[in-house]
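> Got a sequence here, can you model it:
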Amino acid sequence: MRRRRGPGRPCGPGGPSYPGAATSAAVEHGWGEPTKVDDFNGDTLTGWSPYDGPGHAGKGTRSPSAISVKDGVLTIDGDADGTTGGMAWSDSSQKYGRWEGRVRAPASDPSYNALLLLWPTAENFPVGGEIDFMEMTDHTRQKTNLFLHYGEDNSQVQGSVDIDATQWHNWAVEWTPKGVTAFVDGKQWWHTDDTSILPPGPMHLTIQLDWFPKGGGDVKPSEMQVDWVRQYALPGSEKGEGGSGSSGGNDEGLLDGLLHPHHRGRSGPRARLGDPRRERHLISGTPSPAPRWPPG
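Numbers count the residues shown, from 1 in each chain. Next up is the predicted model:
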């Protein structure tokens, strides 16, 4: 059953009162007023470019019909045949900034990953980079990953956090000229200050439920839900041109722990698994075990 939008929990006199505001990174770290907001009110999707085309690696289908809005919640469904959805906030492109979304995803079929990510508006992946700041590769939704892709050979750094993502949580990313930081429920859980791996140009938010067919056995229909998303500018943010957002969407991700080939039909390189800059479970640049949530 979908949750109806309530009044939210106020953050203090005159503070934001949208659902989960008190545990948002924006409130916790004083990000100020967002430059763009979608609370998914009403019953239609507006301001987004839904994907319409082949699914990940040409398998399955990304269809606007898999996306629905009801009772203040966006839902993306994935069916047993691999028909699923994704959508881009491509007219809100910027270089540097902050993005946050409130998401939950019930336990799913192993073939479905739920994502919030930043995608290069120039459509120049892998050189343009990619920041998957919430990728649920664990079908039980008890662990969530982050992947930052960079460079011509599509190298990547990554991290993971143990968390019950079947419940509502606020996922955020801050991208500055000095690094990338990921937050959940207002608390930092991942960071890199390696400026050599940062995206070179404007990016935009996308929401995706991606299909990675495993083969064998029936596929369980799956879904992800989004309560709201917000975007914030930094003083040094550079507004980008709006991307087309009308294609099948980005087609990069992980399958069984290995980077899938680049989309658009090319046999792109796989991640360099021995890359010394490859990071795992980073907190402020220091390798550590996957953090558990909530913190003790």
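> What backbone torsions are found at the residue positioned nearest the centre of the chain?
Nearest to the geometric centre of the chain sits L116, at 1.2 Å (CA atoms, centre = their mean). Main-chain torsions, L116, degrees, to the nearest 10: phi -120, psi 130.
> give me the beta-bridge partners of it?
M134, I207 (DSSP bridges).
> how about it, what does it touch?
W99, G101, V103, D132, F133, M134, W171, L205, T206, I207, V229 (CB atoms under 8 Å, 6 or more residues apart in numbering). In short, each C-beta sits where N, CA and C put it, glycine included.
> Repeat the analysis, applying 7 Å as the threshold.
Contacts for L116 (CB atoms under 7 Å, 6 or more residues apart in numbering) come out as G101, V103, F133, M134, W171, L205, I207.
> Out of those, who's the most crowded?
Neighbour count (other CB atoms under 10 Å) singles out F133 as the most crowded of the contacts of L116, with 29 neighbours.
> hang on, it packs against N145?
No - with contact defined as CB atoms under 7 Å, F133 does not reach N145; the gap is 9.6 Å.
> Leaving out sequence neighbours, find the closest residue to H29.
G186 (7.3 Å; CB to CB, 6 or more residues apart in numbering).
> for M203, that is, sorry about that
Nearest to M203 is L118, by CB to CB, 6+ apart, at 4.0 Å.
> Going by secondary structure, the one you found is in what exactly?
strand 112-120 (DSSP states H and E).
> what number of residues lie near G58?
G58 has 12 nearby residues by other CB under 10 Å.
> P54 now?
P54 has 17 nearby residues by other CB under 10 Å.
> Can you tell me who it pairs with across the strands?
Per DSSP bridges, the residues bridged to P54 are T61.
> so where is the stretch 151-296 of the chain shaky, pLDDT-wise?
241-290, 292-293, 296 (pLDDT under 70).
> What is the longest strand along the chain packed up against?
If you go by DSSP state E, the chain has its longest strand at strand 222-232. Secondary-structure packing of strand 222-232 (3 or more CB pairs under 7 Å, 6 or more residues apart in numbering; DSSP states H and E): strand 36-38, strand 73-78, strand 97-104, strand 203-211.
> Quick one: the helices in this protein, in order.
25-28 (DSSP state H).
> Buried residues, stretch 226-242. List them.
Residues of stretch 226-242 classed as buried under the neighbour-count rule (16 or more other CB atoms under 10 Å) are V226, D227, W228, V229, R230, Q231, Y232, A233, L234, S237, G240, G242.
> quick revisit: kindly export the strand holding L118 (C-alpha atoms) in PDB.
Written as PDB, here are the backbone C-alpha positions of strand 112-120 (Å, rounded to 0.1, in the frame of the first residue of the first chain):
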ATOM      1  CA  TYR A 112      16.300  -5.300 -10.400                       C
ATOM      2  CA  ASN A 113      18.500  -2.500  -9.100                       C
ATOM      3  CA  ALA A 114      17.000   0.800  -7.800                       C
ATOM      4  CA  LEU A 115      19.100   3.900  -8.500                       C
ATOM      5  CA  LEU A 116      19.400   7.600  -7.900                       C
ATOM      6  CA  LEU A 117      22.300   8.900 -10.000                       C
ATOM      7  CA  LEU A 118      23.900  11.900 -11.700                       C
ATOM      8  CA  TRP A 119      24.400  11.500 -15.500                       C
ATOM      9  CA  PRO A 120      26.500  13.700 -17.800                       C
END
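> coming back round to it: so which of the helices and strands packed on strand 222-232 is nearest S222?
strand 73-78 (4.6 Å; CB to CB).
> Now do that closest one and strand 97-104, the angle between them.
70 degrees (axes from the mean of the first three to the mean of the last three CA atoms, to 10 degrees).
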